[in-house]
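>>> any chance you could fold what I've pasted below:
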Amino acid sequence: MFGTYLCALGGQGGDAGATGNTGSGMIWMLVIFALMFGVMYLTSIRPQKKRQQEEQKLRDSVQIGDDITTIGGITGRIVTVKEDSIVIETGADKTRMKLMRWAIQTNNTASERLAQEKAALDAAKAQEKEEKKAGKRRSKKSDIDETK
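Numbers count the residues shown, from 1 in each chain. Next up, the predicted model:
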């Protein structure tokens with residue numbers, strides 16, 4: 001079934017196997033496999049690599065004083081940063097734990113900073129829109145006053 005479909009795409013008749021001319025059928029099969037690999041790359045491999053790069057960037061950017069959450073759900077404040085490990089303080093009694101950098105899941109301090117920056121940017125945009133609306137209202141009032 002599939003072979004006859006490929007032969008039809010290649011412009012060959014139903015007896016392509018009898019003549020021994022299956023070159024165009026092989027070309028179509030290679031094109032289909034290439035398209036399937038391309039779709040697989042775009043839907044799974046590329047996003048995964050992008051996520052891994054973002055995670056590595058997060059782990060490399062931690063600083064002393066940042067609040068983090070580990071993969072296991074432990075939260076704490078970083079007190080020491082080394083090449084491949086960190087030391088965090090957690091709990092009310094300031095228990096110190098040495099963890100590997102790969103165990104960091106989120107940097108809560110950086111997330112809070114980003115949220116604050118986004119909120120400030122949104123507030124500035126809203127204020128700018130308000131000023132534009134107020135300016136339009138004033139200009140409309142002045143236009144009405146001038147016509148009287």
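>>> host element of Ile64?
For Ile64, there is no host helix or strand (DSSP states H and E).
>>> list the contacts for it?
Residues near Ile64 by C-beta atoms under 8 Å, 6 or more residues apart in numbering: Ile78, Val79, Thr80, Val81. Glycine gets a C-beta too; all of them are placed from N, C-alpha and C.
>>> just the buried residues out of those residues, in PyMOL syntax.
Buried residues among the contacts of Ile64 (16 or more other C-beta atoms under 10 Å), as a PyMOL selection:
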select buried, resi 78
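>>> what is the nearest of the contacts of Ile64 to Phe33?
Within those, proximity to Phe33 (C-beta to C-beta) peaks at Val81, which comes in at 47.0 Å.
>>> name the nearest residue to the closest one, sequence neighbours excluded.
Sequence neighbours aside, Ile64 is the residue nearest to Val81 in space, at 6.0 Å (criterion: C-beta to C-beta, 6 or more residues apart in numbering).
>>> sec struct for the spatially most central residue of the chain, please.
The centroid of the chain falls nearest to Arg51 when counting by C-alpha atoms, centre = their mean (6.1 Å). At Arg51, secondary structure determined by DSSP: H, G, I helix; E, B strand; the rest coil is helix.
>>> contacting residues for it?
Contacts for Arg51 were tallied using C-beta under 8 Å, 6+ apart; there are none.
>>> now it: how far from Thr80?
27 Å (C-beta to C-beta, to the nearest Å).
>>> what's the answer for Gln48, then?
Relative to Thr80, and taking C-beta to C-beta, Gln48 is found at 31 Å.
>>> related to what we said a few turns ago, check the contacts of Ile64 and tell me the two furthest apart.
Val79 and Val81 (8.6 Å).
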